[in-house]
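J.: Next come a sequence and a model predicted from it.
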Number of protein chains: 2
Amino acid sequence: MRIDRLDADLIRLLTEEPQLPILECARRLGIARGTATSRLARLHDAGVIEAIVPRVDPAGFGYGVVAFCLVEIDQKVGHDDVASALADAVPEIVDMHTVTGASDMQLRLVARDAAQLQDVLDRVALVPGVARTASSIAMRTHLQGRVLPLVNHVAEAGEG
Amino acid sequence: MRIDRLDADLIRLLTEEPQLPILECARRLGIARGTATSRLARLHDAGVIEAIVPRVDPAGFGYGVVAFCLVEIDQKVGHDDVASALADAVPEIVDMHTVTGASDMQLRLVARDAAQLQDVLDRVALVPGVARTASSIAMRTHLQGRVLPLVNHVAEAGEG
DNA sequence: GGATGACTGAACAATCTGCCTAGTGATCTT
DNA sequence: AAGATCACTAGGCAGATTGTTCAGTCATCC
């Protein structure tokens, strides 16, 4: 799908002031309500905007430590099996990807503190199929799910 | 902040059916509207729910390749300087963390395809202060920003 | 005993939503 | 060139939701 400036502005508006009603968005962008509605529907259908969801910050209820964990897997066990086993066994896992390279999987997980992180990592290591893990702690999160610059970039490029 | 079952249910409801009005949430949970409103406000104030934002999927507009990149930094350059330089120079960077371990930073970035990923990584490498990079491609995303199990876990634990 | 805090139930005006219609201009097709 | 298609504007309507306020109940805490 091709995104133009209007789409980008709409996304920006909704990202910066999430609770903004469509009607108000239309007013701010200087377009008719129907246009804003149909644009939004199109973005929705194309999968650009998956949904408008509450972004939950685990730090808000005490899980302030973020860590990454590289996982090596037993060759004999399927990736998907390990993935679902991990997902079930460790609620502290926030992101999970299968990756190329030295490791097979990469996790992002959260914990209350360094001590509890140890516990979380132990639980990861205990999951059947997990051969070895290597982890690092995130000291600072500079960006998290930032897409606005990319959306703008695409909108600009599409115009020229 | 302490999260109880009602909070967890509210978060679950809003996560599963994001556009649900507060009034409808209250009905489904069998509570008064004022209660749902004040609970939500409390979650907001505590930072548990940062905002209700549109989740944009770069794959929706062509950026279907996800990659991770470990970055080593010149010791003489401050982390924050490199971080902001990277953020400005490469819109394709979605997540950026400062991490412990062999590398200094870890990035998650998106690209249109493998060929363009090369280009993106080149731009990363060119940023002043970046000494070396190592990257891997995400072949599958099993989980992305999953917090519901953790919220439930916390709610259960808090009750007992 | 009295104060505090959380929840219920209800009401109000203001606003937003979904849905529909009609007109305009640009692009594309035959 | 006529006709069709598409996106946008502008407006209207009923129904639902929101912010806000009030009064009453119940449990906890000092």
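T.: Cool, got the structure.

J.: who are the neighbours in contact with the residue lying farthest from the centre of chain A?
T.: Among the C-alpha atoms of chain A, the one most distant from their mean position (Cα atoms, centre = their mean) is that of A:Ala32, at 32.0 Å. Each residue near A:Ala32 by Cβ atoms under 8 Å, 6 or more residues apart in numbering or on different chains is listed here: A:Ala26. Just so you know, the C-beta spots here come from the backbone N, C-alpha and C atoms, and that holds for glycine as well.

J.: Report pLDDT for it.
T.: For A:Ala32, the pLDDT comes out at 97.

J.: and the gap between it and DNA strand C?
T.: Using Cβ to the nearest atom of the strand, to the nearest Å, one gets 8 Å for the distance from A:Ala32 to DNA strand C.

J.: pull the longest strand from chain A.
T.: If you go by DSSP state E, chain A has its longest strand at strand A:130-143.

J.: ok, is the helix or strand following it in contact with DNA strand C or not?
T.: Using DSSP states H and E, the helix or strand that follows strand A:130-143 towards the C-terminus is helix A:148-159. No: against DNA strand C, helix A:148-159 shows no contacts by Cβ under 7 Å from any atom of the strand, the least distance being 14.1 Å.

J.: and the residue farthest from the centre of chain A, how far is that from A:Arg123?
T.: Distance, A:Ala32 to A:Arg123, using Cβ to Cβ, to the nearest Å: 54 Å.

J.: next one: phi and psi at the residue farthest from the centre of chain A?
T.: Main-chain dihedrals, A:Ala32, degrees, to the nearest 10: phi -70, psi 150.

J.: Compute the inter-axis angle for the longest strand of chain A and helix A:148-159.
T.: 80 degrees (axes from the mean of the first three to the mean of the last three Cα atoms, to 10 degrees).

J.: what's the model's confidence in strand A:130-143, averaged?
T.: Average pLDDT, strand A:130-143: 97.

J.: List the buried residues in that strand.
T.: By neighbour count with 16 or more other Cβ atoms under 10 Å in any protein chain shown, strand A:130-143 contains the buried residues A:130, A:133, A:135-138, A:142-143.

J.: So what touches that strand?
T.: For strand A:130-143, the surrounding residues in contact (Cβ under 8 Å, 6+ apart) are A:65-74, A:82, A:86, A:103, A:114, A:117, A:121, A:124-125, B:79-80, B:83-84, B:87, B:93-101, B:103, B:106.
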